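In: I'd like to go over a predicted model; first the sequence, then the structure.
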Amino acid sequence: MAQLLGRVVESAEGLRYWLVFPDDEHEAACSFLRDLAASDCSPATLRSYAYDLLRWFRFLHGRFIPWEKAERIDVRALVEHMKASPTANTLRRGPDAPPTVNPVTRRLGPGMTFSARTINHQLTVLSSFYDFALEFGLGPLVNPVPRQRNVHAHHNPMEPFARSRRGSYRQRVPQPAWRGIPDDAVAAIFDALEHHRDRALLAFWLSSGARAEELLGLRHGDYDFGEHTLTVTTKGTRSRDVIPASPDAFVWLALYMRQGQPADPGDPVWWTLAAKNRRPLTYAAARRMFARAQSALGSNWTLHDLRHTAAERMIADPAFTLVDVQTVLRHAHVTTTTIYTQPRMEDVLAKVLEHYARPKPAPSSIEPEYDDAAVRELLGLGE
């Protein structure tokens, strides 16, 4: 079957991820991935691009079309296919389990089909791949992916910006929203944790605002108990940045380290708990740990929501300026940080309900020691 053809192979040496399709190394795709690797793209980016290319090659194979001869209508057909086809998670859950809204977090569960962001990412990958193939003369004559429209290339600064149109086949992406976890829910989740490792992780995520992968990549030598700081590899720039964390988090870290995990300089800090099969803690394992801790609450907050919670707490503290929060979160632009200054809908709803529940103030009256008629005449009030 076409959907079973090909695979993405991970390698410890040379190119980290490369593509086999249908049975041999796909030369054009692997050359493209090597070009990305040489341009200092992260391994996560290479893996993502490889799987998007594999999806495209499988789709074209089912239509009996060589990748070099793909046309715009084939790209349109792929978008239609992704908007109608169930994802791998949907197939695991079963097609009869539609997405539901969590009663605690009000978050909609995973969709049945591919999201708008996934489709747009697929188009970006294909456009970059065909641009590369055209530049190096690897076979295709045209790029089948429609170009993004850039109406601001020669914008007159004296005139307002016109609303730009989305490129063909690009999907509308919902405006990003942040979700902080309420303090009582944080306390309940923390009480449900059974190991010092998990308590230390949660305390660091909540106090430092580090991304999940950044904290999981911590190694011995990357922390300073005296200064209460961590040195993490920032996502995107991959720069080594120092960030602060709470003293409580370092207390939990000390308790965890007393349990005998590998602690040589350069070793990972976070390990699985089984002594017989000890290995570095992965993102998937940390996500399952956090989900188990929420089972009693019935919530579905994510690890990234802990970063939102840390940002929310900093913004609410008058001692922090917006630039301070931007520095701790390591946002490239302060406009990214301003998303946390926007009120959440649940907070607005609570204020509106409080407004309607508040009793109306009593109308002002004239004190009895004053003559009512004289005061009204003086103020020009009618009877």
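Out: Received it, and whenever you're ready, just let me know what you need.

In: which residue ranges form the strands in the stretch 1-150 of the chain?
Out: Using DSSP state E, counting those that start in this stretch, the strands of the stretch 1-150 of the chain run over 7-10, 17-20.

In: Which positions in the first one come out as buried?
Out: Counting neighbours by 16 or more other CB atoms under 10 Å, one finds that the buried residues in strand 7-10 are V8. Yep, even glycine has a C-beta here, placed from its N, CA and C like the rest.

In: ok, back up a step: now the strands of the stretch 1-150 of the chain in CSV, please, with extra columns for distance to A362.
Out: CSV is the format used below for the strands of the stretch 1-150 of the chain (distance: least, CB to CB, whole Å):
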stretch, distance to A362
strand 7-10, 72
strand 17-20, 71
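
In: what sits against the most centrally placed residue in the chain?
Out: Closest residue to the average C-alpha location of the chain: H304 at 6.3 Å, with CA atoms, centre = their mean. The contact partners of H304, by CB atoms under 8 Å, 6 or more residues apart in numbering, come to 211-212.

In: part of a strand, is it?
Out: No: counting by DSSP: H, G, I helix; E, B strand; the rest coil, H304 is not part of a strand but helix.

In: State the distance from it to M82.
Out: To M82, H304 is 24 Å away according to CB to CB, to the nearest Å.

In: likewise V101?
Out: Where M82 is concerned, V101 sits at a distance of 24 Å (CB to CB).

In: So which of these two has more stuff around it?
Out: Using other CB atoms under 10 Å as the criterion, V101 and M82 rank with M82 on top: 20 against 11.

In: and the more buried one, what does it touch?
Out: M82 sits in contact with 113-114, 118-119, 122, where contact means CB under 8 Å, 6+ apart.

In: By neighbours, which of those residues wins?
Out: Neighbour-wise, the contacts of M82 (other CB under 10 Å) top out at Q122, 23 neighbours.

In: just checking, that residue touches L54?
Out: No: using CB atoms under 8 Å, Q122 is not in contact with L54; the gap is 11.1 Å.

In: Let me see the ranges of the helices in the stretch 1-150 of the chain.
Out: 27-38, 43-62, 72-84, 88-93, 116-135 (DSSP state H, counting those that start in this stretch).

In: Can you convert these into TSV and add a column each for mean pLDDT and distance to A200?
Out: As requested, the helices of the stretch 1-150 of the chain are arranged in TSV below (pLDDT from 0 to 100; distance: least, CB to CB, whole Å):
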stretch	mean pLDDT	distance to A200
helix 27-38	96	34
helix 43-62	95	25
helix 72-84	96	40
helix 88-93	72	30
helix 116-135	96	32
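
In: sorry, back to before: just curious, which of the contacts of M82 is nearest to P66?
Out: Of all these, Q122 has the smallest distance to P66: 19.0 Å, by CB to CB.

In: Excluding chain neighbours, give the residue nearest to the closest one in space.
Out: D52 (5.1 Å; CB to CB, 6 or more residues apart in numbering).

In: can I see the domain layout of this structure?
Out: The chain breaks down by automatic domain parsing into domains covering 2-135, 183-341.

In: Please render those domains as a markdown table that adds distance to V375 to the earlier fields.
Out: Output for the domains of the chain, formatted as a markdown table (distance: least, CB to CB, whole Å):
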| stretch | distance to V375 |
| --- | --- |
| domain 2-135 | 53 |
| domain 183-341 | 43 |
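
In: Pick out the shakiest of those domains, pLDDT-wise.
Out: Least confidently modelled of these is domain 2-135, at a mean of 89 by mean pLDDT.

In: mind checking how far that domain is from the chain centre?
Out: Domain 2-135 sits 19 Å away from the centroid of its parent chain (CA atoms, centre = their mean, to the nearest Å).

In: For burial, what's the neighbour tally of R16?
Out: 18.

In: measure it to S48 for me?
Out: Taking CB to CB, one finds R16 at 12 Å from S48.

In: Hmm, A296 is touching A192, no?
Out: Yes: the pair formed by A296 and A192 meets the contact definition of CB under 8 Å, at 5.9 Å.

In: Compare these two (neighbour count), which wins?
Out: Set A296 next to A192 and count neighbours by other CB under 10 Å: A192 wins out with 14 against 11.

In: if I pick the residue nearest to the more buried one when sequence neighbours are not counted, what's in contact with it?
Out: Counting by CB to CB, 6+ apart, A293 is the residue found nearest to A192 once chain neighbours are left out, at 4.4 Å. A293 sits next to 189-190, 192-193, 198 when contact means CB under 8 Å, 6+ apart.

In: now T87: how far from T336?
Out: 28 Å.

In: which of the two has more neighbours?
Out: T87 (16 against 12).

In: how near is that one to Q259?
Out: 39 Å.

In: Check P43 too.
Out: Counting by CB to CB, the gap from P43 to Q259 is 30 Å.
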